[in-house]
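S.K.: let's see this in three dimensions:
(2 chains)
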Amino acid sequence: MTARTYDFKSIESKWQAVWQQRNTFRALDPGDPGFDGSKKKFYVLDMFPYPSGAGLHVGHPLGYIATDIVARYRRMQGYNVLHPMGFDAFGLPAEQYAIEHGVHPREATATNIANMRRQLKALGLSYDWDRELSTTEVDYYRWTQWIFLQLYNSYVDPRDQKAHPVAELEQRLRSGELGLDAEGQPVAAAEAATRFAELAERDQRAAIDGQRLAYLAEVAVNWCPALGTVLANEEVTDEGRSERGNHPVFRRPLKQWMLRITSYAERLLADLATVDWPESVRALQTNWIGRSEGALCDFEVVGGQDKIRVYTTRPDTLFGATYMVLAPEHPLVKVLTTAEQKTDVEAYCLAASRRSEVDRQAETKSKTGVFSGAYAINPVNAERIPVWIADYVLMGYGTGAIMAVPAHDQRDFEFAKQFELPVRVVVEPTKAWLEEQFAGQTDGRTRYLADPKQLDQAFAGQGCAVNSANPEVSLDGLETSEAKRTITAWLAEKGLGRAKVNYKLRDWLFSRQRYWGEPFPILHHAAGYTLGVSDQDLPVLLPEMSDFSPTTTDNPEPTLSRAAESWREVTVDGVVYQRELNTMPQWAGSCWYYLRFIDPKNRERFVDRQKERYWMGANGIDLYVGGVEHANLHLLYARFWHKVLYDLGHVSTAEPFGRLFNQGYILADYYEDARGVRVPADEVQYDSAGGELIAAYEVSKAEPGGKFLYQGQEVFRKSGKMGKSLKNVVNPDDLYQSHGCDTLRLYEMYMGPVETSKPWNTRDIVGVHRFLLRVWRNFFDIDSGELLVSDEAPSDELTRALHKTIKRVTDDMDRMRFNTAIAALIELNNQLVSVDRVPRSVADAFVLMLAPIAPHICEELWQALGHNQSLACEPWPSYDEALLADAMINIVVQIKGKTRGNVSVPAEATEEEIRQIALADEKINKHVEGKTIRKVIYVPGRLINIVAT
RNA sequence: GCGAAAGUGGCGGAAUUGGUAGACGCGCAGGAUUCAGGUUCCUGUGGGCGCAAGCCUGUGGGGGUUCGACUCCCCCCUUUCGCACCA
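M.R.: Alright, predicted model coming up:
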C-alpha cells in the first residue's frame, strides 16, 4: 500500500476523460438503439452563453452547476435526461470583438467558443456534447431562416387568434369570402368597402403583405451611428444610449423588418398563467405587455374632413376633455396646423425630433407644447376644443393623439396649468382624497370645485361622474366602471367610437445593418415587392467579406450592401431580384435553439416531430435556468416564435419553458480610487494601521485606520455584480488549479440559495475544500492508502443518521436548495469521523448523494468501493420512514410560551406522561410552583407548553 | 410615481404547515500536534449581567393576533431590481 492523498487534479482530469470516452452523458432519443420509452423524460436547459473573448468568470457557472446537479440527480432517479449546451454566437458582441482584434468574426467566434467549451468541460458539467450547436453554423441558421419564412408566410386570423398560412388568406380574399375595409384590413365580404379582385396587383400584394407576421414598415427607429445599426427599443437605455457600448442613439425613420408580436399580446399574457415561473418574471412580462382596456373615440376637426382618433382608458371623463394633443410625429400635424401657427409648429416639431431622449428626460419637470391653431369638436357635448402639439404624447402608443382631461389626469393637468387651459371636474373626488389634499379641512370639496387648479394634483381615481350629461346620455351619479360602460356603448351606437384593448408591447424591430447575423431569406423585386426564398434554396449563406466593419455614419447602410454583386443579385425564373441586405438581430438564434438541441443534426427538418413530442412532453422544458435580465426580451421573443410554430403545427406545446428558474448574481467587492476609477480588485492590498500588507480579499471588515491600497494609492471598497466593468472578476481556471472543480462546484452551491445574489469570498472556499479532504480521510488512510470501509452493518444510531440525511438531501434536491443539502452531507460526514471504518452501506449512499454536486471525487470513491460502473445512472438512495424515528425524543418544555428546558422521553410517550416528566424536572417546576396550571398545549413529538399563572 | 423582491451574529447563510432562532461553513478565541509556518484534532463563539447555576434580551422600527411570531395582520423605514409622460 502506498500513500493516497486527495489528488484532485488527477482525479478530475481522469474522470472527465472517462466520461468523454464512454459518452456517459449521451441522451438517447426515441428511435435510438437502447432507448427506453418507459422512462420519464427530463429536459433541463441553461440559457446558452455568448462566447465572449473574456471567457467565463466564476459568476457565469452558477446556473450551469445548478442545472448539472439537477441533471445528474434526475439521471440517478431514472429519468431520461436531455441536458445540452451550445453558443449564441451571432450578434454585436462577437462582431465588436472581431473588429477590435482585427480578425474575421467567424475566426473570433471559433476561438472564443473553443475557450469557453474548455472552461465548461473543466467544470465537469454533464452535457451531451454531441448536441453542441452554435447559432452561427450554416446548418443552424438555415433553419432560423426557415422559421423566419414561416412568419413571413403567416398571418393571424382574428377568428381564432392563431397563425395561418398567408395562402389561406389569399384564397379567401380571391374567392370573395373576404373583402377589405376602409383601412385595408380584411373583413367579411358583407362589411367590406372594397373587393379584393378589383384591386390592382400591386394593391393586392400590399393588402396581403400588410397581414404577414413579418413585414416591412417605415418606422421611427433607434439609429446608433457608433454601432452602425438600429436597435430595438429594448436595447436602448433610459438615457437614450445603446445598452451595448453606451453610445448615443437617435430616432430616425427607416424602412425595417418588423415582427408582429403584438398579434400575440393577448395569448402571451394569458398563457403566463399556465407556466411555472417566478412570480417576479411573470409580473415583469405582464408589465411589459401592458394590457389596458379603454375606448377609441373620433373627434371631428372644425372646418375639415379629418377626424382625430384617440385612445383613452377613461372614456367616462369624455365630458371633461377641454383640449386635445397630437404627438409631434402625428400625420395630422401637417394637415391641421393653421397658417399663422405654421412657423411655431414646424419649429417645435423639428426641435422635438432632434431632442434626444436624454433631453426629454432632463425636462420632465415642465411640459412643452404648441397650439396648432385648429379646433376639434368634443362628440359628447359639441364643444369646440383646441388642438395642441406636445411631445408628452407618444406616437408609438395608442393612436398618437389624446383627448386631454386635465381634471383627471396628472400630465394633462400639468400641461393645462402651464398653458392656462380650462380644467373641468367631471368625477367627484373621494372624501379621503379631498381630506389629504386640503390637510383635513372640511371645506375642501367646495374649495376644490371652485378652483381645481389651486392644487398640485389631479384627481385620477375612481368616483361618481358629475357634469357629464347631454340630451341623449347621462353619466351623472354613475361609478367610474359603470360610466365607462355606458359612454362606450353610446359611442358605439352613434358610430363615434368603440371599446378597445391596447398594449404597451410594440411590434418587434427585426433588422440590423450589421454583418454578423443571419441573412434574411428575402428577395426584393424592382417593382417594390418582396418574395420569400423558397425552402429548397435555403440556406442563404452569409457572404464572405474582408471588410465587415459597420458604416458609422448618419446614413444607415447595411454592411451587406458592400457584398459582391454576385451575392446581392439573384435570378429566379428569369427575373432579377436584389437580396435583402439587413441581417437578423442577436435574438433570432436564441428564439428556438432549445428545439434544435432535440435533434441537432437533422437535415430534413428543424426538429423531428417524434423527438420533439417526446422531449418537449406536456410542459415543454422541465427546467430552464438563466438570469432574470432576459425576462422581457429573450423569453418573450422565444415564446412568440414558439406559439407561431405551435399554431402552424410544427411543435406540440403552446409554451416552450414549462418551468423557469432565475439564478442570482455573484457579487464581489470592487475598488475605486479617489477619482472614481476602478482598479483591478485582485491587486488591491490592505494596510491595517501599522500592520503588514495583506491581500484585500483576506479582509472581511476594515478596522478604523485600515486602508486599501493599489500601487500605493488609497482606494475604496464597494460591492457590485461581478464583471469585467467593475474589474472584480475571479477566473475559475485559477481555482481548478488551487482547489479543483469539485471544490468550486461545492462552494458555489454552498454560498446560498441559487436564486439569490450573494457575494463571492475567495477566503471561504477553504471550508468546503476541507470538507472534501475530510471525506477523503474518512474513506482512506492517507499514509497507507488503505480503504477504511467495513462490511459490518452500521449501528442503529448511524443508520438513523443516514436515513435522516437521505431524506433531507432528497428534499433539498427536489427544492433545488443545494446549500442545505451540502450542510446535511457535512453533518453526516462529521459523524463518520468518529467511526473507525465506515460501513459499506453508509459509504455507498453517502457517495451517491454527494455525486451530483462533486462528481469527480465521488466517481473515484465509487470505484474504490469496488464498483466498476460509473455512478452516473446508479439509483438515488432511498430512505426508510421507519428508520427515521428515534427511540427517545426531545420535547421542548415551555412555560407560558417561554422555553424553560427540554426533556428526553420515549417516542411513544403520551401527553400526560410528558407533562409528568416535565413537571418532575426541578428547573422547570420552579417556574410553575405556586401557580395554577390553566392550560397545556402539546405539539406531538415537539413541544409542550404549560400555561400557569 | 407604478410593479416586484428582500432586511436574521463580525461574514455567507439555516429555521416544510406559527413550535428550542442562529443548522452548516468562514472568521475569531483558547488548547493539543508540529522546530516553525501550514495542515489536522478538541473546545468555545448573538448581545448584556453573573464566579457559577442561571437570568434578561435579541430576527430593520412600531403596533396587533396567539399559549407561542423570523414566520400571520396593519403602519413605517431601508435596500435592490424592473418599468416609467403608455393617455
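S.K.: look up how far A:Arg202 lies from A:His525.
M.R.: Using Cβ to Cβ, to the nearest Å, we find A:His525 at a distance of 11 Å from A:Arg202. (Each C-beta comes from the backbone N, C-alpha and C, glycine too.)
S.K.: show me which of those two is the more surrounded one.
M.R.: A:His525 (14 against 11; other Cβ atoms under 10 Å).
S.K.: what's near enough to touch A:Thr559?
M.R.: A:228, A:513-515, A:545, A:548-551, A:583 (Cβ atoms under 8 Å, 6 or more residues apart in numbering).
S.K.: try A:Glu792
M.R.: Contacts of A:Glu792 by Cβ under 8 Å, 6+ apart are A:837, A:839.
S.K.: from A:Ser784, how far off is it?
M.R.: From A:Glu792 across to A:Ser784, the span is 20 Å (Cβ to Cβ).
S.K.: tell me which residue in chain A sits closest to RNA strand B.
M.R.: A:Gly767 (2.2 Å; Cβ to the nearest atom of the strand).
S.K.: give me the element that residue is part of.
M.R.: Element membership of A:Gly767 [criterion: DSSP states H and E] is helix A:765-779.
S.K.: just the pLDDT for the residue most central in space within chain A.
M.R.: Per Cα atoms, centre = their mean, the C-alpha nearest to the average position across chain A is that of A:Ala631, at 1.7 Å. Note on A:Ala631: pLDDT of 85.
S.K.: doesn't A:Gln285 make contact with it?
M.R.: Yes - contact criterion Cβ atoms under 8 Å: A:Ala631 and A:Gln285 qualify, at 6.4 Å.
S.K.: sorry, back to before: could I get the helix holding A:Gly767 in CSV with only the CA atoms?
M.R.: Output in CSV follows, covering the C-alpha atoms of helix A:765-779 (Å, rounded to 0.1, in the frame of the first residue of the first chain):
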residue,chain,number,x,y,z
ILE,A,765,-13.6,28.3,-0.3
VAL,A,766,-11.3,26.6,2.2
GLY,A,767,-14.3,25.5,4.2
VAL,A,768,-15.8,23.2,1.5
HIS,A,769,-12.3,22.1,0.4
ARG,A,770,-11.7,20.9,4.0
PHE,A,771,-15.0,19.0,3.8
LEU,A,772,-13.7,17.1,0.7
LEU,A,773,-10.4,16.4,2.5
ARG,A,774,-12.3,15.0,5.4
VAL,A,775,-14.5,12.9,3.2
TRP,A,776,-11.3,11.5,1.7
ARG,A,777,-9.8,10.8,5.1
ASN,A,778,-13.0,9.0,6.1
PHE,A,779,-12.5,6.6,3.2
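S.K.: quick one: contacts for A:Trp567?
M.R.: A:543, A:560, A:579.
S.K.: can you name the residues that contact A:Trp257?
M.R.: A:214-216, A:509-511, A:520, A:522, A:580, A:582.
S.K.: got the residues you listed as a markdown table, with distance to RNA strand B and pLDDT columns?
M.R.: A markdown table is the format used below for the contacts of A:Trp257 (distance: Cβ to the nearest atom of the strand, whole Å; pLDDT from 0 to 100):
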| residue | distance to RNA strand B | pLDDT |
| --- | --- | --- |
| A:Ala214 | 23 | 97 |
| A:Tyr215 | 21 | 96 |
| A:Leu216 | 23 | 94 |
| A:Leu509 | 14 | 88 |
| A:Phe510 | 19 | 92 |
| A:Ser511 | 21 | 89 |
| A:Phe520 | 27 | 97 |
| A:Ile522 | 30 | 96 |
| A:Glu580 | 29 | 96 |
| A:Asn582 | 24 | 93 |
